[in-house]
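Undergrad: Give the three-dimensional model of this entry:
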Amino acid sequence: MRAAVFSRPLRTALACAGLVVGMTGHAHAATCDDWSAYRAFVSRFVQQDGRVVDFSTPTQQTTSEGQSYGMFFALVANDRATFERLLRWTRANLSAGRFDGEDVKLPSWQWGKKPDGSYGVLDPNSAADSDLWIAYDLFEAGRLWHEPAYTKLAYALVTQIEKQEVADLRGLGPMLLPGPQGFRNGNTTRLNPSYLPLPLIRAMAAQSPNGPWARIADNAFKLIKTTAPLGFSPDWAAYRESSGDGQFIVDPQKGDVGSYDAIRVYLWAGLTAPADPLAKPWLAALHGMRDRIAQTGVPPEKVATTTGNATGEGPIGFWGALLPYFRAFRDTRAAGLAQTHLASLAAPAPAPGAGQSTQNQPVYYDEVLMLFGTGSADGRYRFDENGRLVPRWENTCQSANARS
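TA: Down below sits the predicted model:
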């Protein structure tokens, strides 16, 4: 599902991202309502109607993922107006208007330019990770902004996720499927490790205590640990059921490659609260990326997770995703390396005619990963052990601003 086209320079993408100065240093001071990198993201990728556009794709696509991440960043930025715009566009275009507390249609995952030139839904299947993120955004927006309508919608959405996107796998138990359709073939079920951020699963367990989420958290850890024998997560994996039992296997379609999807597995591990009982073992299961960068100085673009063979150099967004991961390991050297790469984006652009491509436009996925990573490192947000969002503005802004 992920675009694999990235722009290396992105010279000004995070010029004012406010990177931390070190593992023990304090984040630079910032006003409670000013997040320059977020404002740049909104200006580049969010249309006035609330549509997040990935311009790097031929279809100028919008994904439910993009909408869900945009809503999260708006919440971290205390930007309720943009949150509402994103929600309205999602309701009208990805859920055909059926997205309220009384009637929820899971959002279609892909929308964009059709072969006939018109715009609309390109793939009606939903994406479970995006649905999970939207439910999380709504729960937390309801709590932080004191808006019961968001909470009501979140409960309606999580109910549909449990009904349509959770399967009980023999020998394992409940697991979040990548989507309602197309991921179960006979006794084999395809899974995506990056669709399972532990803080969000904890939050769902707190909001829906009678649901499957506590068991999903345990099973997600089994997936992460088992499918990363050398400490590298694959983009995709699978679970094969047998009589009374089952086992995780290499994905029959994508193989053992870990790349653009899997980079988020390290990001989510780095963002998990240290007090979560699964935080340390989860992180330890993913040691491979840290070990490899200590040897080579760069994150590989692709890794064969069963052999450790690596190819290419990951784009700048990978450094953003890995910054919280390094900090969770308390790896000062690697975190500093990531910060150096990210800070290089603030360097002045070369003069015209210096041999640089004119196509160096910011790329959606790069910027998303960098916003997650640098926003966390800058202290703009964190997750607690129950998955609740702790935004910096909650303590630094006046309550009147939080409701504006």
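Undergrad: hang on, Leu89 packs against Gln48?
TA: No, residue 89 isn't Leu; it's Trp. No: the criterion here is Cβ atoms under 8 Å, and Trp89 misses it with Gln48 at 9.9 Å. The way it works is simple: take the backbone N, C-alpha and C, and place the C-beta from them, glycine included.
Undergrad: Tell me which of the two has more neighbours.
TA: Trp89 (21 against 7; other Cβ atoms under 10 Å).
Undergrad: what about stretch 238-247, how long is it end to end?
TA: One end of stretch 238-247 to the other measures 8 Å (Cα to Cα, to the nearest Å).
Undergrad: lowest-pLDDT helix or strand in this structure?
TA: Ranked by mean pLDDT, DSSP states H and E, the weakest helix or strand in the chain is helix 399-402, scoring a mean of 45.
Undergrad: quick one: which helix or strand includes the residue most central in space within the chain?
TA: The structure's the chain has its C-alpha centroid closest to Arg264; by Cα atoms, centre = their mean the separation is 6.1 Å. Using DSSP states H and E, Arg264 sits in helix 263-271.
Undergrad: Give me the helices and strands touching that helix, please.
TA: helix 198-207, helix 279-284, helix 316-328, helix 364-377 (3 or more Cβ pairs under 8 Å, 6 or more residues apart in numbering; DSSP states H and E).
Undergrad: Leu87 is in contact with Asp49, correct?
TA: No: in this structure, Asp49 is not within contact of Leu87 by Cβ under 8 Å, at 11.8 Å.
Undergrad: that older thread, contacts only, for the residue nearest to the centre of the chain.
TA: Ser194, Pro197, Ala321, Leu369 (Cβ atoms under 8 Å, 6 or more residues apart in numbering).
Undergrad: Grab the two from the residues you listed that are most spread out in space.
TA: Pro197 and Leu369 (13.3 Å; Cβ to Cβ).
Undergrad: if we can go back for a sec, columns neighbour count and pLDDT on top of the contacts of Arg264, output as a markdown table?
TA: Shown next, in a markdown table, are these (neighbours: other Cβ atoms under 10 Å; pLDDT from 0 to 100):
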| residue | neighbour count | pLDDT |
| --- | --- | --- |
| Ser194 | 22 | 98 |
| Pro197 | 23 | 98 |
| Ala321 | 28 | 98 |
| Leu369 | 25 | 98 |
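Undergrad: with the residues you listed in mind, which one is nearest to Val158?
TA: Nearest member of the contacts of Arg264 to Val158, counting by Cβ to Cβ, is Pro197, at 14.7 Å.
Undergrad: Might you list the low-confidence residue ranges for the protein?
TA: For the chain, applying pLDDT under 70 flags the ranges 1-33, 346-362, 398-404.
Undergrad: just to revisit the earlier point, want to throw the helices and strands packed on helix 263-271 into a markdown table with distance to Val166?
TA: What follows is the helices and strands packed on helix 263-271, written out as a markdown table (distance: least, Cβ to Cβ, whole Å):
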| stretch | distance to Val166 |
| --- | --- |
| helix 198-207 | 10 |
| helix 279-284 | 20 |
| helix 316-328 | 26 |
| helix 364-377 | 25 |
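Undergrad: quick one: which of these is nearest Gln61?
TA: For the helices and strands packed on helix 263-271, proximity to Gln61 was assessed by Cβ to Cβ; helix 364-377 is nearest, at 9.3 Å.
Undergrad: Show the subsequent helix or strand relative to that closest one.
TA: strand 381-383.
Undergrad: Could you point out which of the contacts of Arg264 is nearest to Ala40?
TA: Using Cβ to Cβ, Leu369 comes nearest to Ala40 of the contacts of Arg264, at 14.5 Å.
Undergrad: ok, the closest one - contacts?
TA: Contacts of Leu369 (Cβ under 8 Å, 6+ apart): Ile263, Arg264, Leu267, Gly317, Phe318, Gly320, Ala321.
Undergrad: Now do the contacts for the closest residue to it other than its chain neighbours.
TA: Setting aside the residues directly before and after it, Leu369 is nearest to Gly317 in space (Cβ to Cβ, 6 or more residues apart in numbering), at 3.8 Å. Contact analysis of Gly317 by Cβ under 8 Å, 6+ apart lists Phe6, Ile263, Val363, Tyr365, Asp366, Glu367, Val368, Leu369, Met370.
Undergrad: which residues sit in contact with the nearest residue to Pro212 once chain neighbours are set aside?
TA: Nearest residue to Pro212, sequence neighbours excluded (Cβ to Cβ, 6+ apart): Pro174, at 3.6 Å. Going by Cβ under 8 Å, 6+ apart, Pro174 touches Val166, Ala167, Asp168, Pro212, Arg215, Ile216, Asn219.
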